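# here is a sequence with its predicted model. Questions after.
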Amino acid sequence: MKLVIDERRCKGCNLCTLVCPYKIFRPGSKANRKGTIVPELDRPERCANCRLQKLYGRTLCGTCQMICPDQAISWEEEEAYEPQKVAIEY
Ligand code: SF4
Ligand code: SF4
């Protein structure tokens, strides 16, 4: 699972940066084409180990998603690893 912010929905309120127990969100540094400063993600793979897991009974605590007023936060399935043939030349 990969955490993503939908830039078309985000309005840059930074509520997500306040609630995440792992500080996975941090205030963004530059505005996008709409003029919104979308938060940046700091090693979002840490999200899967959220310590609030037990409280909510699921792998992801989801606090950021619940607090986001614009439903801009979601998780995408990551593509499964596909082995590829590698040609070795001698
Ligand atoms: S689900 Fe929890 S740990 Fe993961 S990014 Fe959101 S607030 Fe942070
Ligand atoms: S809470 Fe939602 S709208 Fe606010 S900055 Fe985070 S992703 Fe954007």
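Cool, the structure landed. Ligands and ions are numbered 1, 2, ... in the order given.
# the spatially closest residue to Ala31 that is not a sequence neighbour: how many residues sit nearby?
The shortest distance from Ala31 to any residue that is not its chain neighbour, by C-beta to C-beta, 6 or more residues apart in numbering, is 5.2 Å, and that residue is Ile37. The way it works is simple: take the backbone N, C-alpha and C, and place the C-beta from them, glycine included. The local packing count at Ile37 equals 15, with neighbours defined by other C-beta atoms under 10 Å.
# for Ile37, give its distance to Ala72.
When distances are taken as C-beta to C-beta, to the nearest Å, Ile37 and Ala72 turn out to be 13 Å apart.
# within range of ligand 2, give me the residues from this protein.
Within the chain, the positions lying close to ligand 2 (C-beta under 6 Å from any ligand atom) are 5, 10-16, 39, 68, 70, 72-73.
# in a markdown table, list those along with neighbour count and distance to Glu79.
Formatted as a markdown table, the entries for the residues of the chain next to ligand 2 read as follows, by neighbours: other C-beta atoms under 10 Å; distance: C-beta to C-beta, whole Å:
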| residue | neighbour count | distance to Glu79 |
| --- | --- | --- |
| Ile5 | 21 | 19 |
| Cys10 | 23 | 24 |
| Lys11 | 14 | 30 |
| Gly12 | 18 | 29 |
| Cys13 | 15 | 31 |
| Asn14 | 16 | 30 |
| Leu15 | 17 | 30 |
| Cys16 | 22 | 25 |
| Pro39 | 23 | 24 |
| Cys68 | 20 | 25 |
| Asp70 | 14 | 27 |
| Ala72 | 22 | 22 |
| Ile73 | 21 | 20 |
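# perfect, I'm done here.
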